[in-house]
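1. What follows is a predicted structure for the sequence shown.
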Amino acid sequence: MSQKIQRQPELSFENTEIAFRGKSDGDLNRAYWLFKIIGSNFLTRIGPPLANFALNVGLPVKGFIRTTIFNHFCGGETIEGCVPTIERIANQQVETILDYSVEGEDAEAVFDETCSEILRTVTYAKTNPNISFSVFKPTGLGRFELFEKINDKQQLTAEEESEYGRIQKRVERICQACYDGDVKVLIDAEHSWIQDVIDDLAREMMRRYNRRAPIVYNTYQLYRHDKLASLQADYYLAEADGFFLGAKLVRGAYMEIERERAAEYGYSSPIQLNKEETDRDFNLAIQFCLDHVDRIGFVAGTHNEASSRLLAEEMDRRQLPHNHPHIHFAQLLGMSDNLSFNLAAAGYQVAKYMPYGPVKAVMPYLFRRAQENTSVAGQTGRELSLIAKEKKRRKSNR
């Protein structure tokens, strides 16, 4: 007697019941008004300087920030403070990328502390199966200006050589700990004028630690017109040298800054001419990684529904298991829950970037998140429409 084959339900990014299952009515209302505020360009422009001023002079706004924008986009102030959120999303089969999101510092003591904190995320990841990756931002481990000088191939002083040696040691300590603990680590991308030196460092770490599996992942910003070619070149290098390529695919986060700097300094902008070209290269990068998935581990870091659907459908077309160890989807905590939780419900491997750190220290990250929401066409409106749809569904079911 033949058995019935159980078919997976069709993937839908419109299923708000699954998307917001972990949110109470109060959570939904707060999220709705938060995105309403973020959708106001005026408030997004004046909010950062006002909040910074209030925090710097000691006005009692920290509690308000914590219960609104911080609680929505961050897991907590410490690893331990993130645990309830890690467990909440794990209940819906979504994993966590713990991201210590302190930005804009330039003191050696702070770089050492950031390195130590990232190592703590690695130690925690070894004990918690719900943590899929650790992550670090290179400029959290060393001075931006030093990366810039090396990228420009300028002569370093003896002191600067020592300083860069300390950056390399911090990166090596993190990658070695990840290798020893079998924890994957993402190296975040930076501005184009310091990215070459970071790519060189990432390739060296992959050459060293990706011999048995993809452990170290570099980030490819596909809004740059040269990054698809970089991804392909790095794959052929990995193939020739016998290591696995780790790749996080993103569209990019610094478009306006990149174009303004190119115009100011009179060089050709590294940014694609339009969104269509970015979308094309992002989707081609997905296809390329799938073509070589035996040697490439990759993370599709995207809030784009079309690209997410493309990857899901291509995996089915190629008969790749939804939980393939080399393929992950990723979105930011507090955004695109309709993608994350519906993909996870269909059996795909999905992780949320979960920023954490002291409220005041992560404010630069939070302001950048808010500004990105207003600059990505339709993002805020999409979030609002999905929340409104779920509120209406819940009301009609009572």
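-> In hand now; what should we look at?

2. by contact count, what packs against the host helix or strand of E277?
-> In the assignment (DSSP states H and E), E277 maps to helix 275-291. Contact analysis of helix 275-291 by 3 or more Cβ pairs under 8 Å, 6 or more residues apart in numbering; DSSP states H and E lists helix 227-241, strand 245-250, strand 296-301, helix 305-317 as its packing neighbours. For the C-beta atoms, the positions are set from N, CA and C on the backbone; glycine is no exception.

3. For the ones you listed, give me CSV that also has mean neighbour count and distance to D182.
-> Output for those, formatted as CSV (neighbours: other Cβ atoms under 10 Å; distance: least, Cβ to Cβ, whole Å):
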stretch, mean neighbour count, distance to D182
helix 227-241, 16, 19
strand 245-250, 25, 13
strand 296-301, 24, 13
helix 305-317, 17, 24
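
4. So, low pLDDT: which residues of the stretch 101-250 of the chain?
-> 103-104 (pLDDT under 70).

5. And the helices in it?
-> All helices of the stretch 101-250 of the chain, identified by DSSP state H, counting those that start in this stretch, fall at 108-127, 144-151, 158-181, 192-209, 227-241.

6. re the thing from before, so how far is the helix holding E277 off the chain centroid?
-> 17 Å (Cα atoms, centre = their mean, to the nearest Å).

7. do you know which of the helices and strands packed on helix 275-291 lies nearest Y217?
-> Minimum separation from Y217 across the helices and strands packed on helix 275-291 (Cβ to Cβ) falls at strand 245-250, 3.3 Å.

8. what does the average pLDDT come to for whichever helix or strand comes after the closest one?
-> Following strand 245-250 in sequence order, the next helix or strand is helix 255-265 (DSSP H and E). Taken as a whole, helix 255-265 has a mean pLDDT of 94.

9. Redo the helices of the stretch 101-250 of the chain as a markdown table? Include distance to C289.
-> Output for these, formatted as a markdown table (distance: least, Cβ to Cβ, whole Å):
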| stretch | distance to C289 |
| --- | --- |
| helix 108-127 | 23 |
| helix 144-151 | 26 |
| helix 158-181 | 21 |
| helix 192-209 | 15 |
| helix 227-241 | 8 |
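
10. most packed of the ones you listed?
-> With neighbours taken as mean count of other Cβ atoms under 10 Å, those reach their highest mean count in helix 192-209, at a mean of 20.

11. export that helix as PDB, just CAs?
-> C-alpha atoms of helix 192-209 as PDB (Å, rounded to 0.1, in the frame of the first residue of the first chain):
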ATOM      1  CA  SER A 192      34.400  51.000   0.100                       C
ATOM      2  CA  TRP A 193      37.500  53.100   0.900                       C
ATOM      3  CA  ILE A 194      38.500  50.700   3.700                       C
ATOM      4  CA  GLN A 195      36.900  47.500   2.300                       C
ATOM      5  CA  ASP A 196      39.900  46.200   0.300                       C
ATOM      6  CA  VAL A 197      42.100  45.700   3.400                       C
ATOM      7  CA  ILE A 198      39.200  44.000   5.200                       C
ATOM      8  CA  ASP A 199      38.700  41.700   2.300                       C
ATOM      9  CA  ASP A 200      42.400  40.800   2.400                       C
ATOM     10  CA  LEU A 201      42.100  40.000   6.100                       C
ATOM     11  CA  ALA A 202      38.900  38.000   5.600                       C
ATOM     12  CA  ARG A 203      40.500  35.900   2.800                       C
ATOM     13  CA  GLU A 204      43.500  35.200   5.100                       C
ATOM     14  CA  MET A 205      41.100  34.100   7.900                       C
ATOM     15  CA  MET A 206      39.100  31.900   5.400                       C
ATOM     16  CA  ARG A 207      42.300  30.400   4.100                       C
ATOM     17  CA  ARG A 208      43.400  29.500   7.600                       C
ATOM     18  CA  TYR A 209      40.100  28.400   9.300                       C
END
